[in-house]
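Chemist: Quick one, what's the 3D model for this:
(one chain, ligands or ions: 1)
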Amino acid sequence: MKIIIIGGGVAGLAIGWRLAEAGQEVTVLERSQPGGGATGASAGMLAVTAELQDASLEEMEFARYSNVLWPSFAEKLEAVSGRKINYAAKGALLLADDAAALSRLSRQAGPGRVLLEPPQVRALVPLVAADGIAGGLWSASEAQIDNRSLGPALAVALQKAGGRILANEAAVRLERERDGRVIGVQTPFGRHAADAVILAAGAWSGLLDKAGEPVSPVKGQMILLAPPAGETVPGPVIWGGGIYAVSRAEGLAIGATMEDAGFDTTVTPQAREMLLRSAEKLMPALGRWTLIEHWAGLRPRAPDGLPMLGPTRSEGLWLAGGQYRNGILFAPAVAETVADQILGRASPIAAFDPRRFGT
Ligand code: GLY
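Modeler: Predicted coordinates:
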């Protein structure tokens, strides 16, 4: 089968890798570089606890399943590509600033997730302010990866499996038969015929042609702080005070805003100040760290906040979208379900069926 994937982010590349390994003829059309959009702009966390506190049962099950797939997915990706993506289970610490917040967190306590008193929190992460927290929830096995290395590693793996990536080649139009069936993709450089087209263009998936997929962008701004000489970067992902902090080789990445700003990815002094002040309130020593980067990305959100994974109402057109805040976490399971649906080995997951929205 000839398959065109629109979008070289983590979803498109992981699906393409799986399909290429299954012997399909895969071409990924990427408007810039692999992993250059939300994949590279994200925090790289696999946040099964914090990001999914209000998730539906289906989404939670999907998240947990993907989380279980991640270690072997990462191991295989590194082995095949020869590139490191640094999967590391450094844990996640969710902080509560008052008794009510701690009581809410306590509902998530259970196997692998323990409630901590303030002294235990500080023993784990001494940077956290001595006062101002009522305790925390510690999820020891939660992991993170180097998301900036993920796109390039997946691109190598996909190509080694026989797939093709056309970078700097944006899809501008879907080609359809009279009956609406999708039979290819037009780019500024030519026409690509396909037996199946997978739209995996993140927040941009709703813009292409008349595909009409109801995905919209939610902007997130992040900053990166580098420590002064001699200070160490805490390992766990830390959540509290309206922000999160994720360790990077260079320091701590602090995120993120949630903005309805269309496709605007400019960074603003207001967001920078908000992130800096919130981070300092939570971990006062960060006031002495140096701001070295400030960036923005666009999360793809469906109207109900759930993923859209499977066939669309247009024959020949498939969707891998709406991952919203969990594109990295969901990637192995997204690759599995979308690729296997196309190969006729799996059915759509009802709650994530793209056809649940209108006509
Ligand atoms: N998962 C991180 C974010 O959406 O900001």
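
Chemist: what's the neighbour count on the residue of the stretch 101-250 of the chain found nearest the ligand?
Modeler: Going by Cβ to the nearest ligand atom, the ligand is nearest to G220 of the stretch 101-250 of the chain, at 4.7 Å. (Glycine included, C-beta is placed from N, CA and C.) G220 has 22 neighbours, counted by other Cβ atoms under 10 Å.

Chemist: what does the one 5 residues further on give?
Modeler: Other residues within reach of L225, judged by other Cβ under 10 Å, total 25.

Chemist: ok, now E175?
Modeler: The burial count assigned to E175 is 17, neighbours taken as other Cβ under 10 Å.

Chemist: ok, now which ones touch it?
Modeler: Applying Cβ atoms under 8 Å, 6 or more residues apart in numbering, we find E175 in contact with 182-186, 191, 193.

Chemist: Go again with 6 Å.
Modeler: E175 makes contact with 183-184, 186 under the criterion Cβ atoms under 6 Å, 6 or more residues apart in numbering.

Chemist: can you confirm it is in a strand?
Modeler: Yes. The assignment for E175 is a strand, going by DSSP: H, G, I helix; E, B strand; the rest coil.

Chemist: Excluding covalently adjacent residues, which one is nearest to it?
Modeler: Nearest non-adjacent residue to E175, counting by Cβ to Cβ, 6 or more residues apart in numbering: G184, 3.9 Å away.

Chemist: Same question for A271.
Modeler: Spatially, and ignoring its direct neighbours in sequence, A271 is nearest to Q221 (4.1 Å; Cβ to Cβ, 6+ apart).

Chemist: can I assume that neighbour is in contact with T257?
Modeler: Yes. Q221 is in contact with T257 according to Cβ atoms under 6 Å; the separation is 4.5 Å.

Chemist: Can you pull the residues that touch both of these two?
Modeler: Common contact partners of Q221 and T257 (Cβ under 6 Å, 6+ apart): A271.

Chemist: can you pull the pLDDT of I133?
Modeler: You'll see I133 listed with a pLDDT of 92.

Chemist: And the residue of the stretch 51-200 of the chain closest to the ligand?
Modeler: Among all residues of the stretch 51-200 of the chain, E51 sits closest to the ligand, at 5.4 Å; criterion: Cβ to the nearest ligand atom.

Chemist: Can you pull the phi/psi pair for that residue?
Modeler: Backbone torsions of E51, given as degrees, to the nearest 10, read phi -80, psi -20.

Chemist: and the stretch 151-300 of the chain, which of its residues are near the ligand?
Modeler: Residues of the stretch 151-300 of the chain found near the ligand (Cβ under 6 Å from any ligand atom) are 220, 255-256, 299.

Chemist: Widest-spaced pair of those residues?
Modeler: Greatest spacing in those, by Cβ to Cβ: G255 and R299 (11.0 Å).

Chemist: Report the set of residues contacting both of these two.
Modeler: Contacts common to G255 and R299, judged by Cβ under 6 Å, 6+ apart, are absent.

Chemist: could you point out the longest helix in the protein?
Modeler: Ordering each helix of the chain by length in residues (DSSP state H) puts helix 57-81 first.

Chemist: Show the secondary-structure elements that that helix is packed against.
Modeler: Packing contacts for helix 57-81, counted by 3 or more Cβ pairs under 6 Å, 6 or more residues apart in numbering; DSSP states H and E, involve helix 147-160, helix 327-342.

Chemist: now the last one, how far from the centre of its chain.
Modeler: A distance of 12 Å separates the centroid of the chain from that of helix 327-342, by Cα atoms, centre = their mean, to the nearest Å.

Chemist: Could you give the average pLDDT over that helix?
Modeler: pLDDT averaged over helix 327-342 gives 98.

Chemist: so that helix versus helix 57-81, what angle?
Modeler: For helix 327-342 against helix 57-81, the angle by axes from the mean of the first three to the mean of the last three Cα atoms, to 10 degrees is 90 degrees.

Chemist: returning to that earlier point: wait, the residue of the stretch 51-200 of the chain closest to the ligand sits on Q323?
Modeler: No. E51 lies out of contact with Q323 (Cβ under 6 Å); the separation is 10.9 Å.

Chemist: before we move on, back to that, so what's the residue nearest to E175 bridging to?
Modeler: E175, A193 (DSSP bridges).

Chemist: how about it, what does it touch?
Modeler: G184 touches 175, 191-194, counting by Cβ under 6 Å, 6+ apart.

Chemist: and the gap between it and I5?
Modeler: Relative to I5, G184 is positioned 13 Å away (Cβ to Cβ, to the nearest Å).
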